[in-house]
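> please work out how this folds:
(2 chains)
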Protein chains: 2
Amino acid sequence: MNGAQSLIRTLVDSGVDVCFGNPGTSEMHFVAALDTVPEMRGVLGLAEGVVTGAADGYARIAGKPAATLLHLGPGLGNGLANLHNARRAHTPIVNVVGDHATYHKRYDAPLESDIEAVAGSLGGWLRRSDSSADVGADAAAAVAAAQDAPGRIATLILPADVSWSDGGRACAPVPSRAPRTVADAGVKQVAEVLRTGEPVALLLGGAACQEAGLRAASRIAAATGAKPFVETFPARLERGAGLPAIDRLGYLAEQVAYQLDGTRHLVVAGTKPPVSFFAYPGKASDLVPEGAQVHTLADVADDVVAALEHLADLVAPSTEPVLAQAHRPELPSGELTPQNWVEVIGALLPEGAIISDEAVTSGLLLPGATAGAPRHDVLTLTGGAIGQGIPAATGAAIAAPDRPVINLESDGSALYTISALWTQARENLDVTTVILNNRAYAILRMELQRVGAEGSGPKANSLLDLSTPDMDFVRIAEGLGVPATRARSAEELAEQFSRALAEPGPHLIDAVVPPIL
Amino acid sequence: MNGAQSLIRTLVDSGVDVCFGNPGTSEMHFVAALDTVPEMRGVLGLAEGVVTGAADGYARIAGKPAATLLHLGPGLGNGLANLHNARRAHTPIVNVVGDHATYHKRYDAPLESDIEAVAGSLGGWLRRSDSSADVGADAAAAVAAAQDAPGRIATLILPADVSWSDGGRACAPVPSRAPRTVADAGVKQVAEVLRTGEPVALLLGGAACQEAGLRAASRIAAATGAKPFVETFPARLERGAGLPAIDRLGYLAEQVAYQLDGTRHLVVAGTKPPVSFFAYPGKASDLVPEGAQVHTLADVADDVVAALEHLADLVAPSTEPVLAQAHRPELPSGELTPQNWVEVIGALLPEGAIISDEAVTSGLLLPGATAGAPRHDVLTLTGGAIGQGIPAATGAAIAAPDRPVINLESDGSALYTISALWTQARENLDVTTVILNNRAYAILRMELQRVGAEGSGPKANSLLDLSTPDMDFVRIAEGLGVPATRARSAEELAEQFSRALAEPGPHLIDAVVPPIL
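Numbers count the residues shown, from 1 in each chain, chains lettered A, B, ... in the order given. Alright, predicted model coming up:
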């Protein structure tokens, strides 16, 4: 077998059986090798931001990495923003970046590029395969590295001749570094803090945002009076009726100050103490309330769920978690508003849905409207690099073909990676995209004020305006092979959303909403 | 004035008065400052690949840099592929990359990223502004660095607090490094080579691809029998009736071998000796014919035009250049083919057009059909990172508002940066985009065979296929605010192309062509 065949065989043997790709000439032997390993599924994206965002969404739901196939430094560059989001989510991803043949590099051909520098910016695992005989072992190491707790980006650079030359050997899976167990003493220290009776906030992140962690946190809160919160942008948050309803920390520093007001002890579990998303003149970057003491129950690489369950057994041995009751908003009526569109979603959200949430400002009221909806997962914009929502929904739908995927997507963010809709059509994925079309970078209008940028005039405002010309997402989606409709009223949105969910395959709704701010 | 104001004022004073941008919160003071410097034009792109590709196209035509405004590492990453193309074109560009406030970086907020690593991969000029008092001088240095011969990418990292703090000072322009003059002795050595009577090929690149260089090369060729060629992917090539018609070296090694067959001396002027774009098993990477001797008349940083003119005066003192006669193909008829669509373009190309050429395989026959058309410029895909054509056309149209811009764009490449159409609509640019829609990554089908990837089966072929589902570029363009039509026959293409040229503002034609291969 050649290097490419040994690579794909090893990936599959290591549990990686989906590859999102946007190949070029240097990757042609990898592409050809796909037909020799039937278990590997190749999924084409029309731009690399689609590929990497899909790999992120896939792994958040599948709980294991996908591979990507990228074309030299420019291909990796195009995919970098969604890899940044994946890095912040601690998502395991195995990038395969094709490069020129080893002997070709010294000619500085047009696509010669510094792949190591670009990949190195991600701070994950990085290796270049030097020979066909090594590729299998390198691939197994990459899969293991990607899954080392808490998960990271592993990038394997694959020269074309290493791919096409014979001598490849498939390699057995390599174990990953498991989450570290938190020592008893550490858990007991936090238990002591909770027993002081002083105001405690409990901040959850990572794996703690799924059922077991949320239940343990809810027990702790119920027994001790600690106020639990979920980190601002969790990679994957389980929510809905039958699960504890725990609020996320707000995006704005002012919200966080309100939420954490009076806190004397901040217990951090599976995340870091909160910081401001951006800096603002004269405002603090560190959002830990003044005078509050931070206690780390579990680091991001620790087994946070076990630590929370241990803690709950210490401080709340006989306390049950408080679970959200089933409750949906009434179906609203009238022209779409920032309030009523989320009620439509809350009223109609199907059981087991996955929400890929990039609604940005338009989605500020969403959590309240869906807290009592049937159980669902929410994937959030972990790294702040917009253009994640449509690709992540695409990858999530590949990971969970039996679950409905709902992508709530702001107009400004949608255009970065819009061609992911084509992949949804090609793969016939059950994704319903709702574009929250407010014809502006509304968040930047807000931020322009918040950073105190006085004197902003027509030129500044023009750069935040998306209404000249208006974008017609119905036509764009149809052009990419996805059936689409436009909703201007709550009734239209409800009717179209229900129909999209009932029909197989992807759909898009261009929901015309006013800016919330 | 604050740092941002001093930056924009300095840019304008240094001759940089267009800024293509896709800002975020950390760039809000830069955005606000646009209104304080009326000479600076801000142009919004909906994704960073649009921004950087437009800056490339702008500078290739304007002959001076534009600025870009990008949002931290992810924004720079999204723009990296077209910066790669610009780097290969030696295009001067001044990137302004916003970053978190200096004091905010240590908090590792979600968008914290290694901007230096990503920018460093471009190998250009890179600086971080440390204080508002420095920004003006840094900006002047950046503009100068970008324009150091032969041109490069200059990246200035602008922390948010450096942008918003007072103490900014506008700075006077700084001189750039001019092209080096080639020494007499070097020119005379090449003259001796030309006088041997042995077979010589003369390869032109960089500034030699414009009128003065082409005329000198044509004189040399006419007087000495040397065979002149233009590099495979020139940044900007002047062509058409009244100019010397000099063929480009082919993309395929086999073509180059044919073109250079029998060459004993290869004289290189403003470029490097030819290498294969990719490596292929068992084929040479170095395309200099065996036994041929390479003579460098002028390096890329040298004054290649002066060197060519000097050489022409030595070996062809009384020889006139051979100029292409005005000649157009007849307007063809019938279903579109790889041959007749280029005849339509050749028959109707308007005087002074700028062609942004990303037609890839569909455009193989274009040069022959346009050699005798009215004088025009061609911008080619210098770095091989697809997604350049629509943004480059956008930037070129901003640089030359009185010239018609024609973007010949393959379907596979178009989807990377399709939202540039929206910027064309917003700025009401006279760009006519012709999508060569062959429903495939046709070049990769060819390359799959050329790299000898045996055993390619249905999965491999599926990854190169764009017909499932078909993309409807008429709807996509209309959705982005650009009027569009579909052409299936040569008559339809001719009628629609004429009409698009006659009407102001952008237009798109979805031309349904069969794959050439």
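
> for the residue nearest to A:Leu429 when sequence neighbours are not counted, helix, strand, or coil?
Nearest residue to A:Leu429, sequence neighbours excluded (CB to CB, 6 or more residues apart in numbering or on different chains): A:Ala397, at 3.8 Å. For every residue, glycine as well, the C-beta is placed using N, CA and C. Classification of A:Ala397 by DSSP: H, G, I helix; E, B strand; the rest coil places it in helix.

> tell me which element A:Lys283 falls in.
If you go by DSSP states H and E, A:Lys283 is not part of any helix or strand.

> my read is that it contacts A:Ala257, right?
No. Between A:Lys283 and A:Ala257 there is no contact under CB atoms under 8 Å: 9.8 Å.

> mind listing what the residue nearest to A:Leu429 touches?
A:Ile354, A:Arg403, A:Val405, A:Gln424, A:Glu427, A:Leu429, A:Asp430, A:Val431 (CB atoms under 8 Å, 6 or more residues apart in numbering or on different chains).

> and those residues, which of them are in helices?
If you go by DSSP state H, those have A:Gln424 in helices.

> in CSV: the contacts of A:Ala397, plus neighbour count and pLDDT.
Formatted as CSV, the contacts of A:Ala397 follow (neighbours: other CB atoms under 10 Å in any protein chain shown; pLDDT from 0 to 100):
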residue, neighbour count, pLDDT
A:Ile354, 26, 98
A:Arg403, 18, 98
A:Val405, 29, 98
A:Gln424, 32, 98
A:Glu427, 19, 98
A:Leu429, 23, 98
A:Asp430, 21, 98
A:Val431, 28, 98
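
> what are the buried residues along stretch A:31-48?
Residues of stretch A:31-48 classed as buried under the neighbour-count rule (16 or more other CB atoms under 10 Å in any protein chain shown) are A:31-37, A:40, A:42-48.

> low-confidence ranges in chain A?
Within chain A, the segments meeting pLDDT under 70 span A:454-455, A:517.

> specify the local secondary structure of the closest residue in space to A:Glu211 that isn't next to it in sequence.
Closest residue to A:Glu211 apart from its sequence neighbours, by CB to CB, 6+ apart: A:Glu238 at 5.2 Å. Under three-state DSSP, the three-state class of A:Glu238 is strand.

> how far away is A:Glu238 from A:Ala89?
15 Å (CB to CB, to the nearest Å).

> what does A:Val18 give?
Applying CB to CB to A:Val18 and A:Ala89 gives a distance of 17 Å.

> look at these two and report which has more neighbours.
Using other CB atoms under 10 Å in any protein chain shown as the criterion, A:Val18 and A:Ala89 rank with A:Ala89 on top: 27 against 24.

> just checking stretch A:118-131 against chain B, any contact.
Yes. For stretch A:118-131 and chain B, the contact criterion (CB under 8 Å from any CB of the partner chain) is met by A:Val118, A:Gly120, A:Ser121, A:Gly123.

> no, scratch that, I was asking about stretch A:58-76
Yes. Counting by CB under 8 Å from any CB, contacts between stretch A:58-76 and chain B involve A:Gly73, A:Pro74, A:Gly75.

> which of these has the largest number of neighbours?
Within those, neighbour counts (other CB under 10 Å) peak at A:Gly75, which reaches 33 neighbours.

> what parts of the stretch 51-200 of chain A come near chain B?
Within reach of chain B by CB under 8 Å from any CB, the stretch 51-200 of chain A has these residues: A:73-75, A:77-81, A:84-85, A:88, A:100-101, A:103-104, A:107-111, A:113-114, A:117-118, A:120-121, A:123, A:160-161, A:164.

> picking that back up, redo the residues of stretch A:118-131 next to chain B as CSV? Include distance to B:Thr337, neighbour count and secondary structure.
Listed next are these as CSV, based on distance: CB to CB, whole Å; neighbours: other CB atoms under 10 Å in any protein chain shown; DSSP: H, G, I helix; E, B strand; the rest coil:
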residue, distance to B:Thr337, neighbour count, secondary structure
A:Val118, 40, 28, helix
A:Gly120, 47, 17, helix
A:Ser121, 46, 26, coil
A:Gly123, 51, 13, coil
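
> closest to chain B among the residues you listed?
Comparing the residues of stretch A:118-131 next to chain B against chain B with CB to the nearest CB places A:Ser121 closest, at 3.9 Å.

> what sits against that closest one?
A:Ser121 sits next to A:Leu80, B:Gly73, B:Gly77, B:Ser113, B:Asp114, B:Ala117, B:Val118 when contact means CB under 8 Å, 6+ apart.

> does the last one touch B:Asn78 like I think?
No. Contact between B:Val118 and B:Asn78 fails when scored by CB under 8 Å: they sit 10.3 Å apart.

> give me the common contacts of those two.
Common neighbours of B:Val118 and B:Asn78 (CB under 8 Å, 6+ apart) are A:Gly77, A:Leu80.

> ok, the residue nearest to A:Leu429 to A:Arg499 distance?
Note on A:Ala397: its distance to A:Arg499, by CB to CB, is 18 Å.

> next one: A:Arg450
Taking CB to CB, one finds A:Arg450 at 39 Å from A:Arg499.

> so for the two, which residue has more residues nearby?
Taking neighbours as other CB under 10 Å, A:Arg450 and A:Arg499 compare with A:Arg450 leading, 18 against 14.

> over to the more buried one: give its phi and psi.
phi -70, psi -30 (degrees, to the nearest 10).

> which bits of the stretch 201-350 of chain A sit near chain B?
Within the stretch 201-350 of chain A, the positions near chain B by CB under 8 Å from any CB are A:Phe233, A:Lys272, A:Val275, A:Ser276, A:Phe277, A:Phe278, A:Ala279, A:Pro281, A:Ser285, A:Asp286.

> can we see that at 7 Å?
A:Phe233, A:Val275, A:Ser276, A:Phe277, A:Phe278, A:Ala279, A:Pro281, A:Ser285, A:Asp286 (CB under 7 Å from any CB of the partner chain).

> now the stretch 401-517 of chain A
Within reach of chain B by CB under 7 Å from any CB, the stretch 401-517 of chain A has these residues: A:415-416, A:419, A:422, A:425-426, A:444, A:447-448, A:451, A:453, A:455-460, A:463, A:468-469, A:471-473, A:475-476, A:478-481.

> hmm, back to that, show me which of the residues of the stretch 201-350 of chain A next to chain B are buried.
Buried among these (16+ other CB under 10 Å): A:Phe233, A:Val275, A:Ser276, A:Phe277, A:Phe278, A:Ala279, A:Ser285.

> which pair of these spans the longest distance?
In those, two members sit farther apart than any others by CB to CB. They are A:Phe233 and A:Ala279, at 17.5 Å.

> burial measure for the residue nearest to A:Arg475 when sequence neighbours are not counted, as a count.
Counting by CB to CB, 6+ apart, B:Gly479 is the residue found nearest to A:Arg475 once chain neighbours are left out, at 3.5 Å. Close neighbours of B:Gly479, defined as other CB under 10 Å, add up to 28.

> B:Gly479 is in contact with A:Gly479, isn't it?
Yes. B:Gly479 lies in contact with A:Gly479 (CB atoms under 7 Å); the separation is 6.4 Å.

> so which residues of the stretch 101-250 of chain A form helices?
When secondary structure is read from DSSP state H, counting those that start in this stretch, the stretch 101-250 of chain A shows helices at A:115-120, A:132-147, A:160-164, A:184-195, A:211-224.

> which of these sits closest to B:Glu343?
Proximity to B:Glu343, assessed across those by CB to CB, is greatest for helix A:160-164 (36.8 Å).

> list the helices and strands that closest one packs on?
helix A:3-13, helix A:28-33 (3 or more CB pairs under 7 Å, 6 or more residues apart in numbering or on different chains; DSSP states H and E).

> for the residue nearest to A:Leu429, give its distance to chain B.
Per CB to the nearest CB, to the nearest Å, A:Ala397 is found 16 Å from chain B.

> kindly report the same for A:Arg60.
Counting by CB to the nearest CB, the gap from A:Arg60 to chain B is 16 Å.

> which helix or which strand is home to that residue?
Going by DSSP H and E, A:Arg60 is part of helix A:48-62.

> next, the angle helix A:132-147 makes with the following helix or strand past that helix.
Following helix A:48-62 in sequence order, the next helix or strand is strand A:67-71 (DSSP H and E). With axes from the mean of the first three to the mean of the last three CA atoms, to 10 degrees applied, the angle from strand A:67-71 to helix A:132-147 works out at 120 degrees.
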